[in-house]
Each structure stands twice: as C-alpha cells, then as structure tokens.
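Trainee: Sequence isn't available, so here's the structure alone:
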C-alpha cells in the first residue's frame with residue numbers, strides 16, 4: 001500500500017495522554033494513518049481509515065522523503081492486504097528529528113527502526 005502526504009505529525013511523549021507516543025498523517029486523497037503506543041504496552045496500535053490493528057514485530061524505515069512500515073504476512077490486514085505501507089513525503093515541513101524520536105519510542109522493545117536520514 002502506498003500514499004503521499006505533505007506532513008507527518010509526531011508526538012514522542014504526550015504527557016496529557018499517559019506518555020503515549022503518536023505518529024499520524026493524512027494522505028493527499030484523505031486516507032488517515034495513525035500509529036500509537038503507550039510506554040507500558042508490548043504492542044503498537046495502527047489505525048488506517050478508522051480500522052484499528054494491534055501489532056508487534058514491525059519494521060520501520062525513515063528517510064528524508066519516505067516512511068516505510070513493514071508487517072508480518074499474517075498482519076497484512078492492517079494495510080488492506082499488503083504487508084507494507086509506504087508513505088512518500090511531498091514537502092519539507094516535517095520535523096524529522098521529532099518523527100525519529102517518536103518512532104524510537106513506539107518501536108522500543110517491540111519492533112525494528114532503521115534510520116536512513
């Protein structure tokens with residue numbers, strides 16, 4: 001699954017939400033992506049267009065123009081049958097340092113983060 005977005009919004013640790021880390025965006029066609037994790041949980045929650053999934057073992061790669069999220073084949077229903085979601089960044093407005101910190105918080109102990117920055 002692929003889509004384009006102008007901005008990724010990241011919150012590494014939201015004090016008002018029990019320190020939940022959140023990454024989200026909306027595609028240029030109105031699709032919504034949301035990835036969250038509370039620090040005391042062993043799984044990551046991903047929501048695609050109001051369809052929630054609880055996952056572990058994610059592999060996430062971040063570069064200047066792309067966020068790639070890969071799931072196990074058995075979890076492909078999270079991305080409507082695909083084993084990955086590729087989000088292309090179409091502008092330079094995203095705070096990549098904040099996105100990177102958020103991804104590290106979300107994936108710590110439950111997934112793999114690869115920085116291509």
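Mentor: Thanks, I have the structure now. Fair warning: this is a prediction, and the values are worked out from it, not measured in the lab.
Trainee: ranges for the strands of the protein?
Mentor: With strands called from DSSP state E, the chain shows them at 2-5, 9-14, 20-26, 32-37, 44-48, 51-55, 58-62, 66-70, 84-89, 111-115.
Trainee: any chance of the ones you listed in CSV, with distance to residue 100 and mean neighbour count too?
Mentor: Where C-beta positions appear, they are placed from N, C-alpha and C, glycine not excepted. Formatted as CSV, those follow (distance: least, CB to CB, whole Å; neighbours: other CB atoms under 10 Å):
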stretch, distance to residue 100, mean neighbour count
strand 2-5, 17, 16
strand 9-14, 8, 17
strand 20-26, 10, 20
strand 32-37, 14, 20
strand 44-48, 16, 20
strand 51-55, 20, 14
strand 58-62, 6, 20
strand 66-70, 10, 19
strand 84-89, 13, 18
strand 111-115, 6, 14
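Trainee: does the residue sitting nearest the centre point of the chain have beta-bridge partners, and which?
Mentor: Nearest to the mean C-alpha position of the chain, counting by CA atoms, centre = their mean, stands residue 35 at 4.5 Å. With DSSP bridges as the criterion, residue 35 is bridged to residue 23, residue 46.
Trainee: Might you report the residue contacts of it?
Mentor: 22, 23, 24, 44, 45, 46, 47, 69, 106 (CB atoms under 8 Å, 6 or more residues apart in numbering).
Trainee: The residue lying farthest from the centre of the chain and residue 28: what is the separation?
Mentor: Distance to the chain centre peaks in the chain at residue 16, reaching 20.2 Å (criterion: CA atoms, centre = their mean). Counting by CB to CB, to the nearest Å, the gap from residue 16 to residue 28 is 30 Å.
Trainee: and if you look at residue 37?
Mentor: In terms of CB to CB, residue 37 sits 26 Å off from residue 28.
Trainee: Just give the nearest non-adjacent residue to residue 66, would you?
Mentor: Distances taken as CB to CB, 6 or more residues apart in numbering place residue 88 nearest to residue 66, at 5.7 Å, with adjacent residues excluded.
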